[in-house]
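K.L.:
show me the folded form of this:
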Amino acid sequence: MKTGAARDVEAAGAAGGARAAVYRLERVTKEYRGRGGVLRALDGLSLSVGRGERLALIGRSGAGKTTLFRLLNATLGPTRGRLEFDGREVGEMSARELRAMRRRVGTVYQQHHLVPSLSALDNALCGRLGGWSLWRTARSLVRPAREDVEEAEHVLELVGLRDKLRERADALSGGQQQRLAVARVLMQRPEVILADEPVASLDPGLADSVMALLQRVADEGGRTLVVALHNVELALGYFPRVVGLRGGAVALDADSSGLSRSGLGEFYAGEGAAEKDAAEKGAAGESAAAQGAAAQGAAEQGSSAEGAAGQGSKGEGAAAEGRGEGEWRQTPAR
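P.N.:
Have a look, this model is predicted:
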């Protein structure tokens, strides 16, 4: 087990095995500017994630997990440092290339972002909006293509909701809604699945079932899976590699088989009073940025679908998916 300062990129890549890297971050810093000055959510973070790898991300609130996810799905850009996706520098991508990247990355949130009044089938179909043309989006609002409906039925069966096709999303239980959110992401056909605290609001039994589902869909599709968790038991039980953030940098990167509860206790106990204060400030910055990016993404997606067919609800359902979530922001390195 290695703790302390963040590993360099080469060492981090070794922890992910011999896989080609789908993500490579080198000394990445992300700062938010607010009334109180500059808040640094990520501080020189270096990390490599292999293609097809399963990785758990742990750390206290404000450690930088949500901000890191926003960089990984290209909602935000780094203030300084280098972020690569599949060998390409993300900051050098064109708008079209960024949209293509976002379609390859599916994100499951703690808040499901479902459209309550739509059926489970329609919510699942929203996952395809990011890959459709404006004309096909308008047509799908009236009469979805048979192949899309069949695909949606298949993924709903995969997540155990085949018998809930016609039920409204707001009639489903919390666990069923989270599985529906996973189904919508699968309709996006992603190569990478990011899950930000997907089981925080679920009881232990449901949390286990959702984690098992995420593991299964990642394994069956050869997808990369990165999940942020507060529950270290789930992190150790479901993921071969555990990465811990502290103060916006990697403070732990280890194989879960070599981690003990005492070792994890040392990781959490290693945060001093000054770091806790910084974490609290970071949490405030992360929360504000996350809410702003999600709201902006919802507005952009909703208006896109609304303009196509006079109906914004499906655009709202796709707010967390695909083509236009948030805004890519990159501040020139200083």
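
K.L.:
going forward, measure contacts and count neighbours with C-alpha atoms only.
P.N.:
Will do.

K.L.:
what stretches of the chain score poorly on pLDDT?
P.N.:
By pLDDT under 70, the low-scoring segments of the chain are 1-18, 132-133, 136-138, 140-141, 271-334.

K.L.:
all helices of it, in order?
P.N.:
Along the chain, counting by DSSP state H, helices occupy 9-15, 65-72, 95-104, 120-125, 134-142, 146-158, 174-187, 204-221, 232-238, 261-269, 273-309, 313-317.

K.L.:
between the third one and helix 65-72, how big is the angle?
P.N.:
Counting by axes from the mean of the first three to the mean of the last three C-alpha atoms, to 10 degrees, helix 95-104 points 130 degrees away from the direction of helix 65-72.

K.L.:
then helix 95-104 to CSV, C-alphas only?
P.N.:
Presented in CSV, the C-alpha positions along helix 95-104 are these (Å, rounded to 0.1, in the frame of the first residue of the first chain):
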residue,chain,number,x,y,z
ALA,A,95,-16.4,20.8,-29.9
ARG,A,96,-17.4,17.9,-32.1
GLU,A,97,-14.7,15.7,-30.5
LEU,A,98,-15.8,16.7,-27.0
ARG,A,99,-19.4,15.6,-27.9
ALA,A,100,-18.1,12.3,-29.2
MET,A,101,-16.1,11.8,-26.0
ARG,A,102,-19.1,12.5,-23.8
ARG,A,103,-21.1,9.9,-25.7
ARG,A,104,-18.4,7.4,-24.8
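
K.L.:
just the angle between that helix and helix 174-187, please?
P.N.:
140 degrees.

K.L.:
in helix 95-104, what counts as buried?
P.N.:
Of the residues in helix 95-104, 98, 99, 100, 101, 102, 103, 104 count as buried by neighbour count, 16 or more other C-alpha atoms under 10 Å.

K.L.:
figure out how far stretch 203-216 is from the centre of its chain.
P.N.:
Stretch 203-216 has its C-alpha centroid displaced from the chain centroid by 17 Å (C-alpha atoms, centre = their mean, to the nearest Å).

K.L.:
hmm, who's touching it?
P.N.:
Residues from elsewhere that reach stretch 203-216 (C-alpha atoms under 8 Å, 6 or more residues apart in numbering): 159, 175, 178, 179, 182, 199, 200, 225, 234, 238.
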